[in-house]
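In: A structural model of the following input is requested.
(one chain, ligands or ions: 2)
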Amino acid sequence: MITRANAYAVGLMSGTSVDGIDAAVIKIHAAREQELDVQLLAFENTPYPEQTRNRIFELFDPAKATMDKVGMMNMWLGELYANATYSVIAKSGLKPEQISVIGSHGQTIYHAPWDHAIDGHTVRYTVQIGEGAVIANRTGIPCVSDFRAADMAVGGQGAPLVPFTDYLLYRSDKHTRLLQNIGGIGNVTVLPAGASAEEVYAFDTGPGNMIIDALIAQLYAPLTMDIGGQIAARGQVMDELLSWMQQDDYYAMPLPKSTGRERFGMQYTEQILTMMREKQWRAEDVVATVTYEAAWSIYDSYSRYVAPRHPAQQLIVAGGGSYNATLLGYLKQLFLPLGIDVLTQEEIGGNSDAKEAIAFGLLGYYTLQQLPNNIPNVTGASRPVVMGKLSWPAR
Ligand SMILES: Nc1ncnc2c1ncn2[C@@H]1O[C@H](COP(=O)(O)OP(=O)(O)OP(=O)(O)O)[C@@H](O)[C@H]1O
Ligand SMILES: CC(=O)N[C@H]1[C@@H]2OC[C@@H](O2)[C@@H](O)[C@@H]1O[C@H](C)C(=O)O
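Out: Ligands and ions are numbered 1, 2, ... in the order given. Model prediction:
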């Protein structure tokens, strides 16, 4: 735990939606032990250039992700992340030399947290790119990157990592809170009332916007997302498609668990599109059903893994999915009868877009201080570790 601090950090997040770079400048203030105050000074989202976005999508297919392409993109993303850092620091009114550290998540191109057999042994792996050495040398600021590998090295899933900062920033003595992120993938942090860090648990709930976005790109190009959930609002949820989706074996998998594009990516969406063509379903009904599924997977996760142990009072939603009014409506429909308030980050004075970038700024600061920043109970790691690799700028 940080005992005394007054520092600035930059957090960079590029999520599974591949919509670009979220950059935050934060002020970290720790007056006393256990009392951490983090203030957001500036936030900026820089969309990836279209060509870059398309190239990243190519890398999700291991057959196309050749060494040269991955190597080149690793360095190029480093350049883009450094530009985003400069820009957000300028917006904050600070100077780069005032920033202690950059915490950069990078872009996940492959996440395989299950055991893979190799030469009589097993390994797990995850690949995040966006070279920290480039970021550090362009900006002159130490940069922590590649956070997930250390947790995997001690047997963890390497995800989710944000629960560590959720615990620091959102725990309550009175309420049991569910901190739900709806990005490409959905993930929840459960903060039981008055819990210690060891009692926090978290996991990926299933697909968030990933399938919605993929369907919209196929059916409503040039749109890339269902803005405000307007298309879903015009459709009807279809039982046949819904029950097909609900049968995916991810939902019943035991904790800890995490997932990604390897399960809910393009191949999955292609299966839905094939059924749609064969059965002549209406596009808006398919979008409505997939949107409902995102809400249902959150509700199902809560009912299966959380409610029996920790009945909650609040579901606080963040991530781009919180701007989808139809999705939020479905969540309210499912959670309000359980006596659980559904709130957005904005409604509690936060920022849905900035939350993960803030988290990686803070995680980076812990790494710089050589303080452990994973939660073994969340990731399944055998012990706490200091995550991330630190790149130093030339003096
Ligand atoms: N105004 C909006 N209306 C509807 N959906 C939106 C809106 N804004 C963002 N989204 C959705 O949110 C997605 C981006 O969310 P976010 O940036 O939280 O995801 P991410 O960080 O890339 O993913 P992850 O958290 O899984 O790594 C977009 O791809 C889109 O589907
Ligand atoms: C491997 C990877 O990039 N996982 C992401 C993804 O997006 C949401 C969910 O799946 C979560 O597990 C994680 O990100 C957040 C930032 C986390 O680690 O907490």
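
In: name the residues of the chain found near ligand 2, please.
Out: Residues of the chain lying close to ligand 2 by C-beta under 6 Å from any ligand atom are 15-16, 108, 111, 126, 159-162, 183-185, 187, 204, 258, 260, 356. In this view, the C-beta of every residue, glycine as well, is placed from N, C-alpha and C.

In: interface residues of the stretch 201-350 of the chain facing ligand 1?
Out: So the stretch 201-350 of the chain meets ligand 1 at 208-209, 212-213, 225-229, 319-321, 323-324 (C-beta under 6 Å from any ligand atom).

In: take those and keep only those in helices.
Out: I212, D213 (DSSP state H).

In: same list, the residues of the stretch 201-350 of the chain next to ligand 1, but as CSV with pLDDT and neighbour count please.
Out: Output for these, formatted as CSV (pLDDT from 0 to 100; neighbours: other C-beta atoms under 10 Å):
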residue, pLDDT, neighbour count
G208, 97, 30
N209, 97, 28
I212, 98, 29
D213, 97, 23
M225, 96, 19
D226, 98, 24
I227, 98, 12
G228, 98, 14
G229, 98, 22
G319, 95, 25
G320, 95, 21
G321, 97, 27
Y323, 96, 19
N324, 98, 28
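
In: buried set for stretch 130-144?
Out: 130-139, 141-144 (16 or more other C-beta atoms under 10 Å).

In: ranges for the helices of the stretch 251-395 of the chain?
Out: Counting by DSSP state H, counting those that start in this stretch, the stretch 251-395 of the chain has helices at residues 261-264, 266-279, 283-301, 325-335, 355-368, 376-379.

In: can you lay out those helices as CSV showing distance to Y8 and mean pLDDT?
Out: CSV is the format used below for these (distance: least, C-beta to C-beta, whole Å; pLDDT from 0 to 100):
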stretch, distance to Y8, mean pLDDT
helix 261-264, 33, 92
helix 266-279, 39, 97
helix 283-301, 34, 98
helix 325-335, 33, 98
helix 355-368, 9, 97
helix 376-379, 27, 94
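
In: identify whichever of the ones you listed lies nearest to A150.
Out: helix 355-368 (9.2 Å; C-beta to C-beta).

In: sheet partners, orientation included, of the top strand by length along the chain?
Out: Longest strand in the chain, counting residues (DSSP state E): strand 99-118. Looking at strand 99-118 with DSSP bridges, its partner strands are strand 5-14 (parallel), strand 121-129 (antiparallel), strand 143-145 (parallel).

In: does the helix or strand harbouring A149 come close to ligand 1?
Out: Element membership for A149, per DSSP states H and E: helix 148-153. No. Applying C-beta under 6 Å from any ligand atom, one finds helix 148-153 separated from ligand 1 by no less than 12.0 Å.

In: next, the buried residues of that helix.
Out: Neighbour-count burial for helix 148-153 [16+ other C-beta under 10 Å]: R148, A149, A150, D151, M152.

In: again with stretch 262-280
Out: R263, F264, G265, M266, Y268, T269, I272, L273, M276.

In: next: stretch 92-105.
Out: S92, L94, P96, I99, S100, V101, I102, G103, S104, H105.

In: what is the mean pLDDT for it?
Out: Averaged over stretch 92-105, pLDDT sits at 98.

In: show the pLDDT at the residue nearest to Y292 when sequence neighbours are not counted.
Out: Excluding the flanking residues, the one nearest Y292 by C-beta to C-beta, 6 or more residues apart in numbering is V237, at 4.6 Å. Per-residue pLDDT puts V237 at 98.

In: mind checking which helix or strand V237 is in?
Out: Per DSSP H and E, there is no helix or strand for V237.

In: got the contact list for L315?
Out: With contact set as C-beta atoms under 8 Å, 6 or more residues apart in numbering, L315 has these partners: R177, L178, Q180, I298, Y302, L331, F335, I340, D341, V342, L343.

In: now with 10 Å?
Out: 177-180, 188, 298-299, 302, 331-332, 334-336, 338, 340-344 (C-beta atoms under 10 Å, 6 or more residues apart in numbering).

In: what's the answer for E79, then?
Out: G130, E131, V134, I135, R138.

In: which one of the residues you listed is nearest to ligand 2?
Out: G130 (11.9 Å; C-beta to the nearest ligand atom).

In: wait, the closest one sits on S104?
Out: Yes. The criterion here is C-beta atoms under 10 Å, and G130 meets it with S104 at 6.0 Å.

In: pull up the overlap in contacts between those two.
Out: By C-beta under 10 Å, 6+ apart, the residues touching both G130 and S104 are L12, S14, I21, L77, G78, Y81, A82, C143, S145, D146.

In: correct me, but the last one touches Y125?
Out: No. Taking C-beta under 10 Å as the definition, D146 is not a contact partner of Y125, at 11.9 Å.

In: more neighbours: those two, which one.
Out: Between D146 and Y125, D146 has the larger neighbour count (other C-beta atoms under 10 Å), namely 21 against 15.

In: tell me the pLDDT at that one?
Out: 98.

In: report the contact partners of it.
Out: Going by C-beta under 10 Å, 6+ apart, the list of residues near D146 reads 104-106, 126-132, 387-391.
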